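Novice: Can you look at this prediction? I've put the sequence above it.
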Amino acid sequence: MESTDSPQDQLKRVSQELLSNKIQLHQTTVFLQSILQNSNDLIFATDVDGVLVSFSKGGEKALGYTREELAGSFIRDLADDPLEFDKLTKASREKGSAVRLELPFRGKDGQTIHCDISLTDLTNTEGKTVGRVAICRDITHRKKLQEDLIQIDRLAEIGRIASGVAHEINNPLAIISEISGWAGAVVSDAKGLSEEDREELETAARRIGEQTDRCKAITLQLLSFARGSGPAIASFDIHSLIKKTVSFLEPHLKFKSIDIVLNFEDEALPIKSDPKMLEQVFVNLVSNAIYAVKEKGTDKGRIELKISRAGPNMEIMISDNGTGIPEGDQKKIFDLFYTTKPLGKGTGLGVPICRNIIKKLGGDISVESQEGTGTTFTVRIPV
Amino acid sequence: MTNDKDVKVLLIDDEETLLEYLSKRLLREGFTVKATFSGEEAIQVAGDENFDVAVVDLKMPGIDGVETQKRLKKIQPFLQCIVLTGHGSVESALESGQQDAFKYCLKPIDYEALVETIREAYEKRNELLNAKFREKVEDISSSGLGARGIKRAINELRKTYGID
Ligand SMILES: Nc1ncnc2c1ncn2[C@@H]1O[C@H](COP(=O)(O)OP(=O)(O)O)[C@@H](O)[C@H]1O
Ligand SMILES: [Mg+2]
C-alpha cells in the first residue's frame, strides 16, 4: 500500500517544520543576543561592505559609543589605522578568516584601545560572503602593564647611568670647589690689588663655588632620585632658600623682561625639611615657569612666588603668566619623560622629580593652569 | 675655644689635586696639616708623628678608608677619624666600622662643614684624653702612695698625655 499525503497533510507538515525552524531561529537569535549583551569582548557584525550591523555591549563600553551612534558607519573607520584594517579584511576574504594581534582602535574620546582581533567571513548556503564577524579582545590593560614595566626598566637604566655620571663628576666638582675656595682666600689677602678688582675677583671665586655647589646638589639629587634614599631633614629659613634659588636662575632672565615677584616678608621663616631637595623642586618649577613665559613671548612676563602657612603645612605657590598647559595635558606632565620642549631643552624629568621629592617630604604638589593665560604650581609641605 | 694651630690633621686621599688644595686651605685656616696619598703612606707617617684628627677617603686603591682608619687607631688610640664616603657606600661603610670612626661624611663634603667637623673631632679627642687622664689620677690617688709619690706619678702622667 502506498502512502500518499493529502495536500492538507503536506501543508501541515511544512507549517510544522516552519514552526520548529522559527523556534530554532528564535533560540539562535536569543543566544546570539545574549552573547552580544554580555560579552566583555568587542564583537562586531558587518555587512559585506564593512558597514556595522550590530555590536556588543563590551564594544560600547570599550569604545564609548552607543549602538545607535555607530549604526551605518564603517568598521574600518574605528581602527586607528583604517588601511591596516583593510589588509585584515582582505586576508579574511581570501582565506575565510584572519587573525591580528594588537590592532589599535580609536574610542569616542580619542583614547586608544588595543585589541587582539579575529575576523571571520559569514557565508550563505550558496557559499557567498554576506558579511563578516569581528571578535576583538581588549588588551589595553595588559598593554599598559607592559608599558609600565618598560618604563620601570628605563627608569632603572637612567638610575644606573645617573649614578655612574654623578660618581665620575663628583670628584672634579669637589676639586673645582676647593680651588675656587682657595682662589677666594688668596685674593682676599693679595697685595697690590685695587679694592675694586679684589671685590670683582672675590665675587667671581665665590660664584664659581656656588655654582659648583649647585652642580653637586644636582648630581646628588639625581642619585637619590634613582636610588630612592631618604631626605636629610634640617632647620632652615625657607625665605632665603627661595631667594637663593631665584638668584641661581637669574642668568636665564637676561635680555627678557620677566618680573620675578617674591610675595613674602623679608624676615626669616624657619622650616624643618630637606633644603637641598626643596631647592631642586624650586629650581625645576621656576625654570619651567621662565621657559613658559619666554615661550609665550609676552613683554610683560611675570612669575610670582608666594608662601603662606596653611594649618600644619607651608604652602608655596609658583605662578606664571606663560603659555599655560592644555587641560588634557595637565595630568601628563607628572609622567616621566613627558616633555613638550625640543630635544636638548627638555628631559621630562623635572615635574616627576618634584613630585617624587615632595612625596618623600610628606607633602603634595598640584597644578592649575589655563592655556594661554598661565600656570600655578602649589607645593604643600609639613613645617 | 680651640686654637686651630694645635690641631694636627692628617689627610688621606688618592685624589692628589683635591688634597693639594684642601691642605692649602686648611693650612691657611690655621691648622697643622699633613697630606698623604694612600693608606699605606698614612700608616707609615703615623708611626713617626702624632695626629689629632685624620680625614680619610673611603675609596682608595690599596688599603681602603675603613681599614686605614682601623690601623691608624691601633697606632694612635686617641686619633679621631673622619671618613669621607661616596654616595651609596654609606651603609656598607657604617656596617664595617661605625664604632671606630668619629664620623662618616658624604662626599663631596662642604668645606665649612669639614672645618667644623675637624674642630668637633679635636674636642672629642681632648675629652677622651682628659677622661682617661682623670681615671688614671683616681687610680693613683687610691693606690696608697704617699703625697709625694702621688705628685710624681701625676707629673709622669701629664707628660705621657701631653696635658699641662
Ligand atoms: N609653568 C609651566 N607652564 C607651562 N607648561 C609647563 C609648566 N611647567 C611644566 N610644563 C609642561 O610640562 C612639561 C614637563 O615638564 P618637566 O617635567 O619639567 O620637563 P621639561 O621641562 O624637561 O620638559 C613641559 O615640557 C611643559 O610642557
Ligand atoms: Mg623642567
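Specialist: Yep, it's here. Everything numeric in this text was worked out from a predicted model, so none of it was measured. Ligands and ions are numbered 1, 2, ... in the order given.
Novice: Could you list the contact residues of chain B toward chain A?
Specialist: B:15, B:17-18, B:21-22, B:24-25, B:28, B:86-88, B:106-108, B:110-111 (C-beta under 8 Å from any C-beta of the partner chain). Where C-beta positions appear, they are placed from N, C-alpha and C, glycine not excepted.
Novice: Specify which member of these is nearest to A:Ser319.
Specialist: A:Ser319 lies nearest to B:Asp110 out of the residues of chain B next to chain A, by C-beta to C-beta, at 32.8 Å.
Novice: Not counting residues beside it along the chain, what's closest to the spatially most central residue of chain A?
Specialist: With distances taken as C-alpha atoms, centre = their mean, the residue of chain A nearest its centroid is A:Lys332 (3.2 Å). Closest residue to A:Lys332 apart from its sequence neighbours, by C-beta to C-beta, 6 or more residues apart in numbering or on different chains: A:Tyr338 at 4.8 Å.
Novice: Give me the mean pLDDT for the biggest strand by length in chain A.
Specialist: Counting residues, the longest strand in chain A under DSSP state E turns out to be strand A:112-123. The average pLDDT for strand A:112-123 rounds to 92.
Novice: and if you look at stretch A:362-377?
Specialist: 96.
Novice: could you check whether it is close to ligand 1?
Specialist: Yes: judged by C-beta under 6 Å from any ligand atom, stretch A:362-377 and ligand 1 are in contact via A:Thr375.
Novice: Tell me the buried residues in that stretch?
Specialist: Judged by neighbour count using 16 or more other C-beta atoms under 10 Å in any protein chain shown, the buried positions of stretch A:362-377 are A:Gly363, A:Ile365, A:Val367, A:Ser369, A:Gly374, A:Thr375, A:Thr376, A:Phe377.
Novice: picking that back up, in what helix or strand does the residue nearest to A:Lys332 lie?
Specialist: Assessed by DSSP states H and E, A:Tyr338 sits outside every helix and strand.
Novice: Need the per-residue pLDDT for it.
Specialist: Predicted confidence (pLDDT) at A:Tyr338: the value is 86.
Novice: does A:Thr376 really touch A:Gln370, like I thought?
Specialist: No: applying C-beta atoms under 8 Å as the test, A:Thr376 and A:Gln370 come out as separate, 9.6 Å apart.
Novice: So, low pLDDT: which residues of chain A?
Specialist: Applying pLDDT under 70 to chain A flags residues A:1-4, A:152-153, A:155-156, A:159-160, A:163, A:217, A:220-230, A:248, A:250-256, A:343-345.
Novice: after the lowest-mean-pLDDT helix or strand in chain B, next one along is what?
Specialist: Lowest by mean pLDDT, DSSP states H and E among the helices and strands of chain B is helix B:90-97, with a mean of 52. As assigned by DSSP H and E, the chain's next helix or strand after helix B:90-97 is strand B:103-106.
Novice: What residues sit buried inside that following strand?
Specialist: B:Tyr104, B:Cys105, B:Leu106.
Novice: got a list of what A:Ser140 touches?
Specialist: That one is not Ser; residue A:140 is Thr. A:Thr140 sits next to A:Ala62, A:Thr112, A:Ile113, A:His114 when contact means C-beta atoms under 8 Å, 6 or more residues apart in numbering or on different chains.
Novice: in the chain, which spans are strands?
Specialist: This is for chain A. Assignment of strands within chain A using DSSP E yields the ranges A:42-47, A:52-55, A:97-106, A:112-123, A:129-138, A:234-237, A:258-263, A:270-273, A:301-310, A:313-320, A:364-370, A:374-382.
Novice: Oops, wrong one, chain B.
Specialist: Secondary structure of chain B (DSSP E): strands located at B:8-12, B:32-36, B:53-57, B:80-85, B:103-106.
Novice: Which among those strands is found nearest to A:Leu52?
Specialist: A:Leu52 lies closest to strand B:103-106 among these, at 64.6 Å (C-beta to C-beta).
Novice: ok, the nearest residue to B:Ile43 once chain neighbours are set aside - how many residues close by?
Specialist: Sequence neighbours aside, B:Arg71 is the residue nearest to B:Ile43 in space, at 5.3 Å (criterion: C-beta to C-beta, 6+ apart). By other C-beta atoms under 10 Å in any protein chain shown, 15 other residues sit near B:Arg71.
Novice: Could you report the neighbour count for residue 110?
Specialist: No chain was given, so I picked chain A. Neighbours around A:Gly110, by other C-beta under 10 Å: 8.
Novice: Sorry, I should have been clearer: chain B.
Specialist: Residues near B:Asp110, counting by other C-beta under 10 Å, number 17.
Novice: show me the contacts for it.
Specialist: Each residue near B:Asp110 by C-beta under 8 Å, 6+ apart is listed here: A:Asp213.
Novice: Quick check: pLDDT value at it.
Specialist: B:Asp110 is assigned a predicted lDDT (pLDDT) of 80.
Novice: Please enumerate the helices of the stretch 151-300 of chain A.
Specialist: Remark: helices assigned in the stretch 151-300 of chain A by DSSP state H, counting those that start in this stretch are A:195-227, A:238-249, A:275-296.
Novice: From B:Ala153, how far off is the residue sitting furthest away from the middle of chain B?
Specialist: Farthest-out residue of chain B from its mean C-alpha position, per C-alpha atoms, centre = their mean: B:Gly146, at 36.5 Å. Going from B:Gly146 to B:Ala153 by C-beta to C-beta, to the nearest Å gives 11 Å.
Novice: Does the residue nearest to the centre of chain A touch A:Thr339 like I think?
Specialist: No: the pair A:Lys332 / A:Thr339 is not scored as a contact, 9.8 Å apart, by C-beta under 8 Å.
Novice: ok so, going back, from A:Arg355, how far out is the residue nearest to the centre of chain A?
Specialist: Separation of A:Lys332 from A:Arg355 (C-beta to C-beta): 13 Å.
Novice: how about the residues of chain A near ligand 1?
Specialist: For chain A, the contact set with ligand 1 under C-beta under 6 Å from any ligand atom comprises A:284, A:288-289, A:292, A:320, A:322-325, A:333, A:338-341, A:346-352, A:375.
Novice: restrict the residues you listed to those near ligand 2?
Specialist: Residues of these in contact with ligand 2 (C-beta under 5 Å from the ion): A:Asn288, A:Gly350.
Novice: the helices in chain B, which residues?
Specialist: For chain B, the helices defined by DSSP state H cover B:16-29, B:39-48, B:65-75, B:90-97, B:111-141, B:147-161.
Novice: Ranked by average pLDDT, which of those helices falls at the bottom?
Specialist: Mean pLDDT per stretch puts helix B:90-97 lowest among the helices of chain B, at a mean of 52.
Novice: Give the burial count for residue 48, as a bare number.
Specialist: No chain specified, so I'll use chain A. A:Val48: 13 neighbours (other C-beta under 10 Å).
Novice: could you do chain B instead?
Specialist: B:Asp48: 6 surrounding residues under other C-beta under 10 Å.
Novice: And A:Thr129, by the same measure?
Specialist: 14.
Novice: repeat for A:Asn21
Specialist: 10.
Novice: Looking at the helices of the stretch 151-300 of chain A, which is nearest to chain B?
Specialist: Among the helices of the stretch 151-300 of chain A, helix A:195-227 comes nearest to chain B, with 4.9 Å by C-beta to the nearest C-beta.
Novice: which ones are touching the residue farthest from the centre of chain B?
Specialist: With contact set as C-beta under 8 Å, 6+ apart, B:Gly146 has no partners.
Novice: Kindly list the main-chain dihedrals of it?
Specialist: Main-chain torsions, B:Gly146, degrees, to the nearest 10: phi -70, psi 170.
Novice: Nothing else from me, thank you.
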